[in-house]
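# predicted coordinates and the sequence they were generated for:
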There are 2 protein chains.
Amino acid sequence: MKVEVRVQLKAGVLDPQGEAIRRVLGRLGYAEVSSVRVGKLILLEVEGEDQERVHARVEEACRELLANPIIEDFEVRLL
Amino acid sequence: MKVEVRVQLKAGVLDPQGEAIRRVLGRLGYAEVSSVRVGKLILLEVEGEDQERVHARVEEACRELLANPIIEDFEVRLL
C-alpha cells in the first residue's frame, strides 16, 4: 500500500529556509511570491491490506520519527 | 493565491535519506515499511488573480530554483 505523509511547520513557526528561498526568488524576479513555507513529502510503501491499521501505524511512525511534534504538523493519506 | 509545489526524486534515483529512514523505522519495529522516498512540499503565497499566469510563473521558478531538473520532478497545484 502506498502512503503519503505531509509534514509541515506549524503556523507561527519561523521558516528560515522558506524565507531564504523567498529572498532568492525575489532577486530572480519573482517579486510576486510573498511567502514560502517548506515541508516534507514522504512516500511510503507499506505491506498490509488493512487500511485502518496501516493508517494508524504510519501515524505512530510520524509521532515517533517522521515529524517533530513540537514544531511540525503531519497528515497521513493512503493513496 | 496559495500554490503547492511537490518536488520528488525521479524514479530510479537513489534516495539515501529515504533509505536511512526506512532502516531506522525497521529498528523501531516498523518492518512493514518496505520503501521510503522523501520529497519537498513547498507552499507559496503568490500575488495575482490570473491562475494560468501564476501557474506558469511558479513552474518557471521550479525550473530555475525550486527543483533540480536532473534528479527531481515537480508538480504545481493551485490551491
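Everything's here; your move.

# I'd say A:K10 and A:D73 touch.
Yes: between A:K10 and A:D73 there is a contact under C-beta atoms under 8 Å: 5.5 Å. Any C-beta I mention is one placed from the backbone N, CA and C, and that applies to glycine too.

# more neighbours: those two, which one.
A:D73 (15 against 11; other C-beta atoms under 10 Å in any protein chain shown).

# just the helices in chain A please.
A:16-27, A:51-61 (DSSP state H).

# who wins for proximity to B:D50 among the ones you listed?
If you check each of those against B:D50 by C-beta to C-beta, helix A:16-27 wins as the nearest, at 18.3 Å.

# report all helices and strands that that closest one contacts.
Helices and strands touching helix A:16-27, by 3 or more C-beta pairs under 8 Å, 6 or more residues apart in numbering or on different chains; DSSP states H and E, are strand A:33-46.

# what's the local residue count around the closest residue to A:E19 other than its chain neighbours?
Spatial nearest neighbour of A:E19, chain neighbours left out: A:V36 (7.1 Å); criterion: C-beta to C-beta, 6 or more residues apart in numbering or on different chains. A:V36 has 24 neighbours, counted by other C-beta under 10 Å.

# now do the one 4 residues further on
Using other C-beta under 10 Å, A:K40 has 18 neighbouring residues.
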